[in-house]
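Trainee: Quick check, what structure comes out for this input:
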Amino acid sequence: MLIRPHDRGSREESLEFVRSHGFGQLIAAGRNRDFPVAVPTQYILPNSETVLLHLASGNPVFAAVRENSVVLLSVVGDWTYIPGAWKAISSEDPTRGIPTVYYAAVQLRCTAEVLETPEDKLDVLRQQLDSLEPESGIADPSVHEHRLREIRALRLTISEVTGKFKFGGNVDEAHRAAVATRLLARGGPRDPAAREHLLRRSAD
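Mentor: Predicted coordinates:
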């Protein structure tokens, strides 16, 4: 993806965004295919180098991964539409404002490893439960041992992190502040997250 210098996210910022969202598209190109396999999936990042997830054993992504272990995890979110008139302040003509979309997008280039032993699959499931519902009292996944054959786990080792945070970095502080005020007033479902990105990146 095209990233202007003012929109580029650091590795730490990008990984925190991926970690906090927890859901994305796993894309595997395979080898000599007409098109890649794209799978919507939940995941966790137990550390800054690794992604863990599990999928049904019949998922076509596993065949593609065995052909080519290099995959892409794509996470997009916190998008919101910015009307053209919002880009005008003071005496500027609001009809000449250029509308845009604010959004965050991170792509993780990874090497995928298929985990098939019961022990490995249980380890991934336990880490996912510990991350998503700690101390909930849910039974250990080993009680469903008969169903482990129905899933496979994946360990993705991150080799490259590319983050784009398009939140008004191309305009001055006064224009960013005006958009932040209007996002607060509009109060759309995605506006608070977009506003938070805008203010955080303005403060950097």
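Trainee: from here on, contacts and neighbour counts on C-alpha atoms
Mentor: Noted.
Trainee: what's the span of stretch 89-107, first residue to last?
Mentor: Criterion C-alpha to C-alpha, to the nearest Å; first-to-last residue distance in stretch 89-107 is 34 Å.
Trainee: Show me which positions of it end up buried.
Mentor: 100, 102-107 (16 or more other C-alpha atoms under 10 Å).
Trainee: looking at the sheet around the most centrally placed residue in the chain, what are its partners?
Mentor: Nearest to the geometric centre of the chain sits Val75, at 2.5 Å (C-alpha atoms, centre = their mean). Residues in a beta bridge with Val75, per DSSP bridges, are Val106.
Trainee: wait, isn't it in contact with Gly24?
Mentor: Yes. In this structure, Val75 is within contact of Gly24 by C-alpha atoms under 8 Å, at 4.6 Å.
Trainee: May I have stretch 68-84 as CSV, with CA atoms only?
Mentor: This file holds the C-alpha atoms of stretch 68-84, laid out as CSV (Å, rounded to 0.1, in the frame of the first residue of the first chain):
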residue,chain,number,x,y,z
ASN,A,68,4.2,-21.1,0.1
SER,A,69,4.7,-20.3,3.8
VAL,A,70,4.9,-16.5,3.3
VAL,A,71,1.6,-14.9,4.2
LEU,A,72,0.1,-11.5,4.9
LEU,A,73,-2.1,-10.6,7.8
SER,A,74,-4.0,-7.4,6.9
VAL,A,75,-5.9,-5.4,9.6
VAL,A,76,-8.0,-2.4,8.7
GLY,A,77,-10.1,-0.3,11.1
ASP,A,78,-11.1,2.9,12.8
TRP,A,79,-12.2,4.4,9.4
THR,A,80,-14.5,7.4,9.2
TYR,A,81,-15.6,9.7,6.4
ILE,A,82,-14.5,13.4,6.6
PRO,A,83,-16.8,15.7,4.6
GLY,A,84,-15.1,18.3,2.4
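Trainee: mean confidence for that stretch?
Mentor: Stretch 68-84 comes out with an average pLDDT of 97.
Trainee: how far is it from where the chain is centred?
Mentor: 6 Å (C-alpha atoms, centre = their mean, to the nearest Å).
Trainee: what do you get for stretch 124-134?
Mentor: The answer for stretch 124-134 is 19 Å, by C-alpha atoms, centre = their mean.
Trainee: same thing with stretch 141-158?
Mentor: Using C-alpha atoms, centre = their mean, the offset of stretch 141-158 from its chain centre is 22 Å.
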